[in-house]
Each structure stands twice: as C-alpha cells, then as structure tokens.
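Colleague: Okay, sequence plus prediction incoming.
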Amino acid sequence: MKGWFERLKEMDIVKLRIIVFSCLVLSFVLALLLLRMGAKRLGLTGGEMPLLKLAQKEQTLVVQGKDIDSINKNLGKEVIIEDRVKEVKAYPGEDLWVVKLTYVSITLDGPHEKALEREGIKPSQLKGMEIRAKGVLKVHPIYGLQLFLAKDSNIEFVAGKAGH
C-alpha cells in the first residue's frame, strides 16, 4: 500500500496543478467568508469603510451666537456660528469690515466681501440679518471674541432681508 506522498509523486502534473489551484481558490473563498462574518460582527457592513465612518462623525459643531458658555467651550476649534448681526463697521483704509454678532465679531476682508457682492449684498446691508458662518473661534486682542473665517467659508443667510 502506497502512502499519500508516494501517490502524489506519481500523479500527473496537470492533475496536481488542478488540485493545488482548487485548494487555493477554496481557501480564498473561505477567507472572504470569515472576513465578512468578522465585519458583520464589528458592525462594519453597509458599504462604508471604517475610516470613512470615523471621518463622517467629525462634523463641524454648530454654536448659537447667544450661548456664551458654548462659545467659550469651543475656543480654538472650528465651528459654525449662527447669530443675528448687531452692527457692521467699515475700516476703508484697511479694506476690512467687522461684523458684530451678540458676543463674537467676524472680520470680512477683500475675498469675503467679493463673495458677498456676488450674491448681491454689500457688507453694510448685513445688519439685522440672521447668518451662519464657519471658522475658528479665537480671542483677538482688539476685537475680543472673533470668528476667523475658513478660506472656503461663505456667510450663509438664515433669515432677514438685506438692509433691515
């Protein structure tokens, strides 16, 4: 009686290739099934990669402009602030506008001013409007609490009409 190894030596090379390839395919399919079962147990199914799920959870926090505690808690962080414009001051020599909200001020430089003008609004018309702006909350030595607008940020208008 010949052993398994001796019979393997006598086998035709084509048959041997077929057996090896079949074992390889079977092990690959088994690995995929085990991977899928593990992903299901970890809650990683649904077509999203785990890193994408983590990135989606880190959404920008929306802060109400009248909530001073929330503003102070988020100093140094990127936030979206919602508030009504109380006052707008122009500094023509510096090509700068300062939009004052309840506790926070926002400086509008040339590019942000042009973005507003494309929407048909001059910065002087912002008083009384409810706005949303995205940026980093910091303490400015002159203006106090200030929202430094993100480069891609535009001021969005929540409510109110220009000039009212």
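Modeller: That came through fine.
Colleague: only C-alpha atoms for contact and neighbour calcs from this point on.
Modeller: Will do.
Colleague: Tell me the first helix or strand C-terminal of the lowest-mean-pLDDT helix or strand in the chain.
Modeller: Within the chain, no helix or strand scores below helix 50-57, which has a mean of 54 by mean pLDDT, DSSP states H and E. Downstream of helix 50-57, the first helix or strand assigned by DSSP states H and E is strand 61-64.
Colleague: low-confidence ranges in the chain?
Modeller: 1, 8, 43-58, 152-154, 157-164 (pLDDT under 70).
Colleague: longest strand of it?
Modeller: The longest strand of the chain (DSSP state E) is strand 130-140.
Colleague: list the helices and strands it packs on?
Modeller: If contacts are counted by 3 or more CA pairs under 8 Å, 6 or more residues apart in numbering; DSSP states H and E, strand 130-140 sits against strand 78-84, strand 144-149, strand 156-159.
Colleague: Could you dump these into CSV with mean neighbour count and distance to Thr60 added?
Modeller: Below are the helices and strands packed on strand 130-140 laid out as CSV (neighbours: other CA atoms under 10 Å; distance: least, CA to CA, whole Å):
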stretch, mean neighbour count, distance to Thr60
strand 78-84, 22, 6
strand 144-149, 21, 13
strand 156-159, 14, 15
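Colleague: Same list (those strands) but as TSV, adding distance to Leu116.
Modeller: What follows is these, written out as TSV (distance: least, CA to CA, whole Å):
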stretch	distance to Leu116
strand 78-84	17
strand 144-149	13
strand 156-159	9
